[in-house]
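just a sequence and a predicted model for now, questions to come.
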Number of protein chains: 2
Amino acid sequence: MAATVMDEVMEKTREQVDMEALGRAARAASRVLATLTTDVKNQALLAIADELEAQSQAVMERNGLDIADGQAKGLSDALLDRLLLTEQRIAGLAADIRRVASLPDPVGAEMDSRVLPNGLRLSRRRIPIGVLGVIYEARPNVTIDIASLSLKTGNAVILRGGSETLRSNMALVDVIHRALDRVNLPRAAVQYISNPDRAYVTQLLHLDKYVDMIIPRGGHRLHELCRRESTIPVITGGIGICHLYVDDSADQEKALDVIENAKVQRPSVCNALDTLLVNRKIAQEFLPKVAARLAQSHVELRATPDAYAILAQGNHGATVREAGPEDFDTEWMALILGIKIVDTLDEAIAHIQEHSMDHSDGILTNNWANAVRFVNEVNSSAVFVNASTRFNDGGQFGLGAEVAISTQKLHARGPMGLEELTTYKWVCLGDWHIRR
Amino acid sequence: MAATVMDEVMEKTREQVDMEALGRAARAASRVLATLTTDVKNQALLAIADELEAQSQAVMERNGLDIADGQAKGLSDALLDRLLLTEQRIAGLAADIRRVASLPDPVGAEMDSRVLPNGLRLSRRRIPIGVLGVIYEARPNVTIDIASLSLKTGNAVILRGGSETLRSNMALVDVIHRALDRVNLPRAAVQYISNPDRAYVTQLLHLDKYVDMIIPRGGHRLHELCRRESTIPVITGGIGICHLYVDDSADQEKALDVIENAKVQRPSVCNALDTLLVNRKIAQEFLPKVAARLAQSHVELRATPDAYAILAQGNHGATVREAGPEDFDTEWMALILGIKIVDTLDEAIAHIQEHSMDHSDGILTNNWANAVRFVNEVNSSAVFVNASTRFNDGGQFGLGAEVAISTQKLHARGPMGLEELTTYKWVCLGDWHIRR
């Protein structure tokens, strides 16, 4: 049985994809989706959740083939775990879809309504963006996640997942299509590029006639590729070199808690701490405390020479190395922390402006003026005073959902929720008005 | 005297431009600008207005050389008129700058403030975008216009104007620099690429390390170039194929007024009417009236065969030709109007969805249900009921200023005012909060 399924699926992944037709179908579907009521969109979401639970065996079977291939290719256990779909994880995905259904629908709301002096009634109405192109790596849950957020906001979506979970993703899209059939919505609302040839990524990035926004979810290279190749606006982000600056006025015990949380709670994510800047006035006293605290979690420290000199003396149990030239431009994604001593707040801010990726940066201080200056002068997507960088997250910020974390300047910054998958149009209601 | 000035300027335009240095200087200046109070920014604007009036002779002298070159090259009188700076026009520019100074400053405002359940205080604070790159053609007043809107919003800007007004633009930037000196702000707040080599446009479009947003102001080709080449987010727009659909329920006399206004009031701009769609039920009666009214302004009609058959009979005085295959995909910028008969509202909406550039589209009707459907289903940047498309304009919409008209989906749509030259950051104030 498994071999038959595999053959069928592998057959399909070798078929050429007509990207023009895919784009045209997505655009047509987007016009249907844009006018749906919230009720209808929620019915579609609930149908997907039901169908996913009903088809969980079939999905796990396809996922099993992906996992087997991954084992044969020698993928790491950590990566294989990210690819794996279990009964419990599928139930979790279904619950997530139902939660998206329960969220408020941003589409259709009117903002900034006004009557112009000539009597013309003007407002901005929130509408879907249209067609999204989402390129992602590894985890198959992104397929369900993005599809449900797109549907909720009335957008059609073209998905392109990683080749490691090709069969799992196609099984999930199959589930979505059955559910869309049940509620009489076009299958082209959610389409998947089933041929893993990379040429299709490039084609997608040039489909500006039909696609309105590209969201890459993956590493630095994918974002670079999209920025360089795409003729469609790209939301870049998800990569952070995150800083905390410890002012000499900081409460040191509390600062240790925040630093530990920012570095250790989940070191593999983009809002985890990468570089600690410490004011020279407290460096001699505070750095050994940092080392002792982080040694408990086996964090390796990469310190500038002056910080290294202080840390090398102590008996704190931490591994300390001198920082190399790249170490302050590295997103660690691991239990490693760069440490630098700075003379002043100005030096701290200058270091952050130079090395930050505009993701999450904070100050730990009890000095009012320094906190104000830091917040005014550091323009990262999220700026923190006396809080862990780990809070830069759609769930933590109460957005109800997170599509991506943007670190660019246009459209959206920081965690993107449902509202950030919408745009607006001006609605202008006249009484046969002409311009004088 | 004139020859000497010309030589100096021409010498400078042959110098190589170090775009990396330009970018770095712009980024540094943007950090200074971002923290200025509104008062300081307004002082800079008023200084520019004063300096412009004081230096008007020098500016006109340089402009005269551009005009002389233009005449020698055989530029049209209409284009030469657009390039020309007179005492009166310079006074108008100075008045515009003072008006920008009087507008409210969007920077620094906090929005969506909330306290999370754990006590973390969160808000979104409006900040400048950073560094803008603006590429424009012809009219030298854009130099002053964009520089003052950028300064007002705390953005640094790199300008690249058309070669026809190179000397005029450089004279105006010189005025701006003198004014910036007077108020002790960095000259790099406003920089101009003085070498007309097109290679520098490409370099600017790849300067993503320093430039946050590209605004092209020009024709279709310039927008295409930016979309294709730029690794920086681009605001596209300013090009419209604008439609009005005349429903069979429309008040025909009033509809004629709106159609005439949309087509004739200023035919060379992007929100002027390009295509008129008329419901078949009223075509026989209404089309001759349209022809008679527009004949007064010498508008040429390009009609589909069925509309042509009706119009060919009449004695309305208008020039009528059968529409060619491209005629419904052309932005006329002239006294020409495409005319098509449609059977239904659906056909009208489908035509608009297929041919519109998402700029300005409207319905003329007295039928409530049709108006509602049109507004719901047409997602152009501005959608009109019983009003002229000519209203899609920052000034008309009461925005106080207009940087460009965006027809894309991300960041901004329709007229872009000062607010659309800003972005936001999340400000997160904790009491030593850690994530659980």
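All right, it came through fine. Everything quoted here is computed from the prediction, not taken from an experiment.

and the residue of the stretch 251-400 of chain A closest to chain B?
Across the stretch 251-400 of chain A, the shortest distance to chain B (Cβ to the nearest Cβ) belongs to A:Ala387, at 2.8 Å. For glycine as for every other residue, the C-beta is placed from the backbone atoms N, C-alpha and C.

assign a three-state SS to the residue lying closest to that residue once chain neighbours are set aside, would you?
Spatially, and ignoring its direct neighbours in sequence, A:Ala387 is nearest to B:Gly430 (2.8 Å; Cβ to Cβ, 6 or more residues apart in numbering or on different chains). Classification of B:Gly430 using DSSP: H, G, I helix; E, B strand; the rest coil returns strand.

contacting residues for B:Gly430?
Applying Cβ atoms under 8 Å, 6 or more residues apart in numbering or on different chains, we find B:Gly430 in contact with A:384-388, A:391, B:119-121.

name the residues of stretch A:363-379 that are buried.
A:363-365, A:370-371, A:373-379 (16 or more other Cβ atoms under 10 Å in any protein chain shown).

stretch A:277-293 now?
A:277-279, A:282-283, A:286-291, A:293.

now for these, which pair is the farthest apart?
A:Asn279 and A:Arg293 (17.7 Å; Cβ to Cβ).

related to what we said a few turns ago, return the subset of the buried residues of stretch A:277-293 lying in helices.
A:282-283, A:286-291, A:293 (DSSP state H).

what's the closest of those to A:Asp69?
Once Cβ to Cβ is applied, the member of those that ends up nearest A:Asp69 is A:Arg293, at 42.3 Å.

wait, does the helix or strand harbouring A:Ile349 contact chain B?
Taking DSSP states H and E as the definition, A:Ile349 sits inside helix A:345-355. Yes - applying Cβ under 8 Å from any Cβ of the partner chain, one finds helix A:345-355 touching chain B at A:Gln353.

just checking, what packs against that helix?
Applying 3 or more Cβ pairs under 8 Å, 6 or more residues apart in numbering or on different chains; DSSP states H and E, one finds that helix A:345-355 contacts strand A:242-246, strand A:273-279, strand A:336-342, helix A:368-377.

who's in contact with the second one?
Identification of contacts with strand A:273-279 by Cβ under 8 Å, 6+ apart yields A:240-248, A:259, A:262-263, A:286-287, A:290, A:307, A:328, A:330-332, A:337-345, A:348, A:351-352, A:355, A:389.

again, only this time at 6 Å
A:241-248, A:262-263, A:286, A:328, A:331-332, A:337-342, A:348, A:389 (Cβ atoms under 6 Å, 6 or more residues apart in numbering or on different chains).

note down every partner strand of it and its orientation.
strand A:242-246 (parallel), strand A:336-342 (parallel) (DSSP bridges).

tell me the angle that strand makes with helix A:345-355.
160 degrees (axes from the mean of the first three to the mean of the last three Cα atoms, to 10 degrees).

off-centre distance for strand A:273-279?
Relative to its chain's centre, strand A:273-279 lies at 24 Å (Cα atoms, centre = their mean, to the nearest Å).

and the angle for it with helix A:368-377?
Using the same axes, to 10 degrees: strand A:273-279 against helix A:368-377 is 140 degrees.

pull the CA atoms of strand A:273-279 into PDB?
Output in PDB follows, covering the C-alpha atoms of strand A:273-279 (Å, rounded to 0.1, in the frame of the first residue of the first chain):
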ATOM      1  CA  LEU A 273      19.200  36.900  22.900                       C
ATOM      2  CA  ASP A 274      22.400  37.000  20.800                       C
ATOM      3  CA  THR A 275      24.500  39.800  22.200                       C
ATOM      4  CA  LEU A 276      24.800  41.200  25.700                       C
ATOM      5  CA  LEU A 277      26.200  44.700  26.100                       C
ATOM      6  CA  VAL A 278      27.400  45.700  29.600                       C
ATOM      7  CA  ASN A 279      28.300  49.100  30.900                       C
END
